[in-house]
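Enquirer: Here is a sequence together with a model predicted from it:
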Amino acid sequence: MSVKEAKEYIKTEEEARRKYLKSYFFKDINDPVHYHLILNTQLLGYESTAEIIARAMIKKFSRVYSGIAKKKVVME
């Protein structure tokens, strides 16, 4: 697949996803209210973005993880 074909494929897929969400869920994919966290990977870079996501997940779910850590897990 050429670069031009790849770009066209991505454009077509994104449009299909936008239409799907709009027709079945009546939601606009570009409305930021539907997202918990929006990061600019071009500005932050992949490593910093991953770190921010990891820290957000730990903060959000720390009670869940601490409860799991207290239970003894046996792996077979």
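Expert: Great, that's in hand. Numbers count the residues shown, from 1 in each chain.
Enquirer: Look through every helix and strand of the chain and give the one with the lowest mean pLDDT.
Expert: Least confident helix or strand of the chain, by mean pLDDT, DSSP states H and E, is helix 46-70 with a mean of 82.
Enquirer: can you pull the buried residues of that helix?
Expert: If you call a residue buried by 16 or more other CB atoms under 10 Å, then helix 46-70 has these buried ones: Thr49. Backbone N, C-alpha and C define where each C-beta goes, glycine included.
Enquirer: do the same with stretch 33-47
Expert: Going through stretch 33-47 with 16+ other CB under 10 Å, nothing comes out buried.
Enquirer: next one: stretch 15-22
Expert: For stretch 15-22, the buried set under the neighbour-count rule, 16+ other CB under 10 Å, is empty.
Enquirer: Please work out the average pLDDT along it.
Expert: In this model, stretch 15-22 carries a mean pLDDT of 95.
Enquirer: Pull it out as CSV, backbone CA atoms only.
Expert: This file holds the C-alpha atoms of stretch 15-22, laid out as CSV (Å, rounded to 0.1, in the frame of the first residue of the first chain):
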residue,chain,number,x,y,z
GLU,A,15,-15.4,9.0,8.3
ALA,A,16,-17.1,5.6,8.6
ARG,A,17,-16.6,5.6,12.4
ARG,A,18,-17.9,9.2,12.7
LYS,A,19,-21.0,8.2,10.8
TYR,A,20,-21.5,5.1,12.9
LEU,A,21,-21.4,6.9,16.2
LYS,A,22,-23.7,9.7,14.8
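Enquirer: Sweet, I'm off.
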